[in-house]
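A.B. asks: I'd like to go over a predicted model; first the sequence, then the structure.
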Amino acid sequence: MKNILFISLTIFIFTACSYKDPNIKSVKKVDLDRYLGAWYEIARYEHSFEKDCKNVTATYSVKENNEIKVINRCTKITTNEKTEAIGEAYAIDNSNSKLKVSFFWPFYGDYWIIMLDKNYSYAVVSEPSKKYLWILSRDKKLQEKDKSIILEKLNSLNYDLSKLIWTVQD
């Protein structure tokens, strides 16, 4: 009986962790040169690695090996301590819209750009399981019309908008 329970639990965990929503698609093409640089986090789904964070930014640059250097910074709300995490990413195809990102080698996660303003003023990043979600902007504050467009699209993709944490940007 214990073996059956263990096997059932293992299968459940494996299938639950591997769920991919077929409606989640990345944008068709990203001009990496235009995407590089600094982005402000406008909103996110909460996760332990960003808990208690404000003034969150992500900065992307190209490394000598053509991979992408990722620097995430935040200020802890309760202590005002500044933290920084440095990682790397690489595009999995020529569209540059699906990346693999790692802050803890050898573990990589999906980073899909699912929305991108034509002027590269905002981006929405997620992945097929919809466990992670970030709304990014080139400015500390997102224009209301852009916010409405993003939220409408996320709602149509069945993202749980009540889970969004709106990032404080001082």
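C.D. replies: Noted; the coordinates are in hand. Residues are numbered from 1 along each chain as shown.
A.B. asks: and the strands in this protein?
C.D. replies: 37-45, 53-62, 68-76, 82-91, 98-104, 107-116, 122-126, 134-137, 164-166 (DSSP state E).
A.B. asks: can you lay out the ones you listed as CSV showing mean neighbour count, distance to Ile150 and mean pLDDT?
C.D. replies: Heads up, the C-betas are built off the backbone N, CA and C, glycines and all. Shown next, in CSV, are the strands of the chain (neighbours: other Cβ atoms under 10 Å; distance: least, Cβ to Cβ, whole Å; pLDDT from 0 to 100):
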stretch, mean neighbour count, distance to Ile150, mean pLDDT
strand 37-45, 19, 9, 98
strand 53-62, 17, 17, 98
strand 68-76, 18, 20, 97
strand 82-91, 15, 22, 96
strand 98-104, 17, 19, 95
strand 107-116, 19, 6, 96
strand 122-126, 23, 6, 98
strand 134-137, 23, 6, 98
strand 164-166, 15, 10, 98
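A.B. asks: run a quick neighbour tally on Ser95.
C.D. replies: Neighbours of Ser95 under the rule other Cβ atoms under 10 Å: 13.
A.B. asks: still on that earlier bit, could I get the strands of the chain as TSV with distance to Leu157?
C.D. replies: Shown next, in TSV, are the strands of the chain (distance: least, Cβ to Cβ, whole Å):
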stretch	distance to Leu157
strand 37-45	13
strand 53-62	22
strand 68-76	24
strand 82-91	22
strand 98-104	16
strand 107-116	8
strand 122-126	9
strand 134-137	13
strand 164-166	13
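A.B. asks: the ones you listed: which one's closest to Val27?
C.D. replies: Of all the strands of the chain, it is strand 107-116 that lies closest to Val27, at 4.9 Å by Cβ to Cβ.
A.B. asks: of all the strands of the chain, which one comes closest to Asp146?
C.D. replies: strand 122-126 (5.4 Å).
A.B. asks: only alpha carbons, please: show that closest one as CSV.
C.D. replies: Backbone C-alpha positions of strand 122-126 (Å, rounded to 0.1, in the frame of the first residue of the first chain) are rendered in CSV as follows:
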residue,chain,number,x,y,z
TYR,A,122,6.7,47.4,-21.7
ALA,A,123,7.0,43.6,-21.7
VAL,A,124,5.1,40.8,-20.0
VAL,A,125,7.1,37.7,-19.1
SER,A,126,5.8,34.3,-18.1
